[in-house]
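Sequence and predicted model, in that order:
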Amino acid sequence: MHTIDIRGERLQAGAATLRSTLSELLDRLYARDGALEPARLHALVVTDDMPHAAPGGAPAEMPPLLRQDDGDGFTLYLAAPFVDQSLAGEADQLLQLVHALHRELWRAQIATEGASTAPADALAAQFAPIAALMLDEYRANRSSAWSLPGDADLLLPHLLRLLDELPAASERALADYRIDGDLETLVGLGVARLTHLMQTTAFCMGYLAGLGRTAADIAPELQAGIASSMLGREWPRIAALLAGAAASEGEGRTLQTDMLRTRVIAVLGQMGLGARPGPDGTVWMDVTEASARATAEAVSRPGPLH
C-alpha cells in the first residue's frame, strides 16, 4: 500500500487536506484503470525540494513530476508549486495534474516489467534502445489517453516542426562533414536527432491509438505534413509495428520490435546516414550513396561507431 508524504514546513498547515485530495485522486485513477497495479507505487511525495533539482533553484525551475524506481516499485515526486497551481486553478489545470500522474503511473509500471531479451548482434544492439523507448512511450500514452485534457495537441505540431526542420538540418550536417570529414560528429548528431524524432513519433502515435483517431481526424494539414515528410512512407509501418508489439508478449513482441528497428534504420537513411555491421563485429556508419553523390568532394570513408 502506498503512502502520501507531504514534505516541507510551509505545506504542513494544509497537509491533511492535500493528503486526502491526492489519495482520492489516486483511488479514482486505479478504480477507473484496472490494468494499473497499485502495489507498484510505494509512495507519492509532494515537496518543494525535488530530487535532482538545482540547489536554490526557483520553484518555476523545478520539474513538475519525477520518478525514482526501486526494485519492483517506484516513488513519484510532485513539485509543490505544480500541485498548488493545479488544485487552486481552473479545471483544465487540475486535469493536467490528473493526466500527468496517470501517464507516469503507466510509464513506471512499464519500466518495472523487466528487461527484454538482449539483441543478437551489434547492429541490433545499437538501435534496440530507440525501439524500446518508442514502444514504452507508445504503450504509456495509449493506455493513459482517456485522461487527456480535451484541448491537448498530442504533440503533433511539435512533430510537424521537427519534420519540417530535419531535412535542412541533416543537409547542413552533411555539408560540414564533406568539408571536415568528422564522421563522429555527423553520426552523433544524426543518432541524437533520430532518437528525438522517433520518441516524438511514438508519443503521438500512442495518443492517437488510445483515442482511436488519426492525424487527419485532428487536422487534415497535420496528416498532409506527415505524408509529405521523410516519415511519409514509414508512418503506417511504424504505427502497425508499435500496435503489434504492444499487443504481443514474448517472441511475438521481440519479432515486432526487430522489424521496428529496421524501420528506424530506414528513417536514419532518410537523414543521409547508413548503418551496417562492420567486419570487426562493431556497427559502421557512413553517408548513404545519395548523400555521397551530392558533391564530388564528399568524404566517403566509413568508420566504426563507438
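Here it is on my side, so go on.

can you give me the helices in the stretch 101-250 of the chain?
122-144, 156-180, 183-211, 215-218, 220-227, 234-246, 250-270 (DSSP state H, counting those that start in this stretch).

buried stuff in the last one?
Just to be clear, that refers to helix 250-270. Going by neighbour count (16 or more other CB atoms under 10 Å), the buried part of helix 250-270 is 253, 256-261, 263-265, 267-268, 270. Yep, even glycine has a C-beta here, placed from its N, CA and C like the rest.

Kindly report the same for the shortest one.
Of the residues in helix 215-218, Ala215, Ile218 count as buried by neighbour count, 16+ other CB under 10 Å.

who's in contact with that helix?
Leu154, Leu156, Cys204, Leu208, Leu222, Gln223, Ile226 (CB atoms under 8 Å, 6 or more residues apart in numbering).

burial of the third one, as a residue count?
Here the count is done by other CB atoms under 10 Å, and Cys204 has 27 residues near it.

Contacts only, for it.
Per CB under 8 Å, 6+ apart, neighbours of Cys204: Leu154, Leu155, Leu156, Leu159, Ala215.

doesn't Gly225 make contact with the third one?
No. With contact defined as CB atoms under 8 Å, Leu156 does not count as touching Gly225 (9.1 Å).

on that earlier part again, could you dump the helices of the stretch 101-250 of the chain into JSON lines with distance to Glu90 and mean pLDDT added?
JSON lines is the format used below for these (distance: least, CB to CB, whole Å; pLDDT from 0 to 100):
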{"stretch": "helix 122-144", "distance to Glu90": "21", "mean pLDDT": "93"}
{"stretch": "helix 156-180", "distance to Glu90": "22", "mean pLDDT": "93"}
{"stretch": "helix 183-211", "distance to Glu90": "22", "mean pLDDT": "95"}
{"stretch": "helix 215-218", "distance to Glu90": "23", "mean pLDDT": "92"}
{"stretch": "helix 220-227", "distance to Glu90": "27", "mean pLDDT": "93"}
{"stretch": "helix 234-246", "distance to Glu90": "34", "mean pLDDT": "97"}
{"stretch": "helix 250-270", "distance to Glu90": "39", "mean pLDDT": "93"}
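
of these, which approaches Pro51 most closely?
Evaluated over those, closeness to Pro51 peaks at helix 122-144, with 20.8 Å, by CB to CB.

what packs against the closest one?
helix 91-111, helix 183-211, helix 234-246, helix 250-270, strand 273-277, strand 283-287 (3 or more CB pairs under 8 Å, 6 or more residues apart in numbering; DSSP states H and E).

Distance to Asp48 added to the ones you listed, as TSV?
Output for these, formatted as TSV (distance: least, CB to CB, whole Å):
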stretch	distance to Asp48
helix 91-111	17
helix 183-211	29
helix 234-246	37
helix 250-270	40
strand 273-277	45
strand 283-287	45
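
before we move on, back to that, tabulate the contacts of Cys204 (JSON lines), appending distance to Ile6.
Listed next are the contacts of Cys204 as JSON lines, based on distance: CB to CB, whole Å:
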{"residue": "Leu154", "distance to Ile6": "33"}
{"residue": "Leu155", "distance to Ile6": "32"}
{"residue": "Leu156", "distance to Ile6": "37"}
{"residue": "Leu159", "distance to Ile6": "38"}
{"residue": "Ala215", "distance to Ile6": "41"}
